[in-house]
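Colleague: model this:
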Amino acid sequence: METKSRYEVIAELEERKRDLIMDRDSLDRKLKQQERQLVILKRDVEDKEADINEFKESMEQQKNTIDELIKSTDETLQKFMQINRK
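Modeller: As a prediction, this is how the structure comes out:
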């Protein structure tokens, strides 16, 4: 078994203390980083909600347009069927 000198023990304890101090001091920075991420996520949610509202507002017009296209396609099909009958 290795026996450590008093100086080695003190050096290890001082290094451990430095590491602990660095960990403690980094906690504030980590909190700020998480808060920033939350702000970004909230903005993303707000943007998505706005996109959904815009889509809802335009949905009726899109449905009407698609209905008109379906109607036009049906009319064209009817004409072709009449031509084929003749």
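Colleague: what about K63, neighbour count?
Modeller: 10 (other C-beta atoms under 10 Å). Quick note: C-beta positions are derived from backbone N, CA and C, even for glycine.
Colleague: any idea how far it is from L69?
Modeller: 11 Å (C-beta to C-beta, to the nearest Å).
Colleague: with Q62 instead?
Modeller: Distance from Q62 to L69, by C-beta to C-beta: 11 Å.
Colleague: also L27?
Modeller: L27 is 60 Å from L69, by C-beta to C-beta.
Colleague: could you do K30 as well?
Modeller: From K30 over to L69 (counting by C-beta to C-beta), the distance is 55 Å.
Colleague: where exactly do the helices run in this protein?
Modeller: 6-85 (DSSP state H).
Colleague: low pLDDT regions in it?
Modeller: For the chain, applying pLDDT under 70 flags the ranges 1.
Colleague: ok, 90 please
Modeller: Scanning the chain with the threshold set as pLDDT under 90 gives 1-4, 80, 82-86.
Colleague: tell me the residue in it that is farthest from the middle.
Modeller: K86 (59.1 Å; C-alpha atoms, centre = their mean).
Colleague: how close does that one sit to K79?
Modeller: Distance from K86 to K79, by C-beta to C-beta: 11 Å.
Colleague: now swap in I10 and tell me
Modeller: For I10, the distance to K79 - C-beta to C-beta - is 98 Å.
Colleague: ok, now T73?
Modeller: Counting by C-beta to C-beta, the gap from T73 to K79 is 11 Å.
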